[in-house]
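> What follows is a predicted structure for the sequence shown.
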Amino acid sequence: MFLAISRMGHLVGSGLFTRDIIKRDILNKVFLISIAATLMPAVAQAKPLADYLKEVKAMPEASLLTAKGGGAVDIRSDKPLIPASTMKLLVAYLALEHWGEDHRLSTDFYLQGDTLWVKGLGDPNLTSEELELVALALDKTIDLTKVKKLAVDHSFFPEIRLDGRGKSNNPYDAANSALGVNYNTVYLKRDRRGLYSGEAQTPMTPMAKKLGRWVKGSYRMSLPGGRDKAAQYFAQVFSQIVFAKQLPLEIAVVPATADKIYTHKNSLTIARVVEQLLEYSNNYTTNQLFLLLGAEANGGVVSEQAAIDYASKTFREKFGWQDFTIYDGAGLSRNNRLSTKQLLSVAEALRPWRWLLPSARDHIRAKTGTMLRISSLAGFYRDSEDKWRAFALMINDQDVTFDYRFRLSEQLGR
């Protein structure tokens with residue numbers, strides 16, 4: 001499995017969570033972190049908390065807040081700053097609160113004559129493995145040998161580009177769409193055997209072969225273009241997995257006369273989706289949820305503004321927030337602004353789901369946020385009395401080592 005360090009400093013992978021890929025992901029993380037460590041100045045011995053607090057106070061664009069109680073810390077907790085990927089905690093809360101942890105996102109299937117229709121509803125976790133489950137379900141529902149044509153409907157999402165998404169072919173810049181597979185990325189390898197899929201579970205397709213003309217070694221890329229490319233690639237992978245060949249393809253709106261034959265509920269619950277998007281800092285998944293939540297509050301209409309309005313209204317009305325801005329859910333936008341007081345309140349709201357946050361250290365469960373000259377961390381630390389206390393740290397316009405926020409937060413618990 002290919003992993004790269006993104007421009008936000010996060011490890012980026014396919015997000016396909018089979019056991020062998022998770023093992024490789026862990027090994028790659030260890031390898032990359034060890035390389036990063038060799039490139040950094042030698043890490044100093046842990047300093048007393050007082051020294052860290054003095055340093056944070058000396059940084060004009062930095063803020064730190066811990067939950068009330070013995071030894072509580074408050075440094076500029078009302079100052080709006082760029083949160084980077086700690087924004088994902090907001091979407092995690094909204095998704096869990098709105099849908100509940102057992103909810104499963106869906107995709108609809110229709111039949112009209114000899115044409116099988118797939119209507120995308122924004123499920124971000126339609127992986128190759130998930131399509132194998134779809135194939136089994138469809139085989140029990142209809143006679144697949146009578147299907148001669150495949151049609152896909154991606155109309156639920158407009159062509160959309162949330163603020164902060166770049167134009168690179170790196171996985172963290174994958175486009176959002178109503179219908180996509182493998183997080184709108186393609187993983188390819190080339191060696192003496194030629195060009196082939198980098199994942200045993202994902203078949204080669206005509207689009208993959210075209211995209212891989214210049215690939216050398218191993219490379220994971222986001223799909224170029226927008227929702228049309230995403231739908232086309234989905235259809236090619238789907239056709240190969242379900243029918244073992246490429247069926248003729250049409251991209252259009254499902255006809256009113258087509259019969260709905262099956263609704264596929266993803267095998268991942270919202271709790272599992274949230275856990276994985278936080279662990280892997282998956283921008284695509286987070287912004288898919290961000291857009292879907294906005295649509296449910298907007299009469300089923302997906303739009304960037306509907307998502308922004310829903311999130312902003314929720315935190316304004318339920319949390320009493322003022323002086324904040326939300327431009328995307330993943331934290332890609334540098335126009336996002338939150339204070340540590342606001343970020344800590346989200347962490348507290350996530351306390352019932354604390355186990356979903358990444359385990360950054362033995363006694364820290366928190367989400368990182370990393371961009372150029374931005375370093376954030378928010379979640380929980382376990383104090384000397386074995387109680388989990390919420391905290392939020394944001395450092396803007398300052399170069400600090402990758403490990404700085406972890407070493408600081410470790411001292412909070414002592």
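Great, that's in hand.

> how many other residues sit next to the nearest residue to residue 397 once chain neighbours are set aside?
In this structure, residue 397 finds its nearest non-sequential neighbour in residue 61, 4.2 Å apart by C-beta to C-beta, 6 or more residues apart in numbering. The way it works is simple: take the backbone N, C-alpha and C, and place the C-beta from them, glycine included. Number of residues near residue 61 (other C-beta atoms under 10 Å) recorded here: 15.

> What of the one 10 residues further on?
One way to gauge burial is a neighbour count; for residue 71, by other C-beta under 10 Å, it gives 12.

> Check residue 351 too.
By other C-beta under 10 Å, the residues close to residue 351 number 11.

> Hmm, residue 389 and it touching each other?
No: distance between residue 351 and residue 389: 10.2 Å, which falls outside the contact criterion (C-beta atoms under 8 Å).

> Name the residues contacting each of these two.
Contact criterion C-beta atoms under 8 Å, 6 or more residues apart in numbering; residues shared by residue 351 and residue 389: residue 380.

> Would you map the helices across the stretch 251-400 of the chain?
Ranges of helices within the stretch 251-400 of the chain are 270-280, 283-296, 304-319, 340-349, based on DSSP state H, counting those that start in this stretch.

> pLDDT of the shortest one, averaged?
In this case it means helix 340-349. Averaging pLDDT along helix 340-349 gives 98.

> buried sites along it?
For helix 340-349, the buried set under the neighbour-count rule, 16 or more other C-beta atoms under 10 Å, comprises 340, 341, 342, 343, 344, 345, 346, 347, 349.

> Next, count neighbours for the residue nearest to residue 296 when sequence neighbours are not counted.
Leaving aside its chain neighbours, residue 296 sits nearest to residue 98 (7.3 Å; criterion: C-beta to C-beta, 6+ apart). Burial measure for residue 98: 16 neighbouring residues, criterion other C-beta under 10 Å.

> Ok, residue 250 next?
Counted with other C-beta under 10 Å, the neighbours of residue 250 add up to 13.

> for the strand or helix carrying it, packing partners?
Applying DSSP states H and E as the criterion places residue 250 in strand 249-251. If you count contacts as 3 or more C-beta pairs under 8 Å, 6 or more residues apart in numbering; DSSP states H and E, strand 249-251 packs onto strand 149-153, helix 227-243.

> Save these as a markdown table, and put in distance to residue 200, mean pLDDT and mean neighbour count too.
Shown next, in a markdown table, are the helices and strands packed on strand 249-251 (distance: least, C-beta to C-beta, whole Å; pLDDT from 0 to 100; neighbours: other C-beta atoms under 10 Å):
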| stretch | distance to residue 200 | mean pLDDT | mean neighbour count |
| --- | --- | --- | --- |
| strand 149-153 | 23 | 98 | 21 |
| helix 227-243 | 12 | 98 | 22 |
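
> Let me know which of those is the nearest to residue 370.
Among these, the nearest to residue 370 by C-beta to C-beta is helix 227-243 (26.8 Å).

> Just want the angle from that closest one to strand 149-153.
140 degrees (axes from the mean of the first three to the mean of the last three C-alpha atoms, to 10 degrees).

> who's in contact with helix 227-243?
Applying C-beta under 8 Å, 6+ apart, the external contacts of helix 227-243 come out as 118, 120, 126, 128, 131-132, 134-135, 138, 144, 147, 150, 152, 154, 157-160, 175, 177-182, 184, 186, 202-208, 223, 245-247, 249, 251.

> And those, which of them are buried?
The buried subset of those - by 16+ other C-beta under 10 Å - is 118, 120, 126, 128, 131, 134-135, 138, 147, 150, 152, 154, 157, 160, 175, 177-182, 184, 186, 202-205, 207-208, 223, 247, 251.

> Would you check how far apart the residue most central in space within the chain and residue 118 are?
A centroid search over the chain (C-alpha atoms, centre = their mean) returns residue 282, at 2.3 Å, as the residue closest to the centre. The span separating residue 282 from residue 118 equals 23 Å under the rule C-beta to C-beta, to the nearest Å.

> Excluding chain neighbours, what is closest to residue 368?
residue 377 (5.6 Å).

> for residue 140, helix, strand, or coil?
helix (DSSP: H, G, I helix; E, B strand; the rest coil).

> So which of the buried ones among the contacts of helix 227-243 sit within helices?
Secondary structure from DSSP state H places 128, 131, 134, 135, 138, 207, 208 of those in helices.

> ok, the second one touching residue 180?
No: using C-beta under 8 Å, residue 131 is not in contact with residue 180, being 11.6 Å away.
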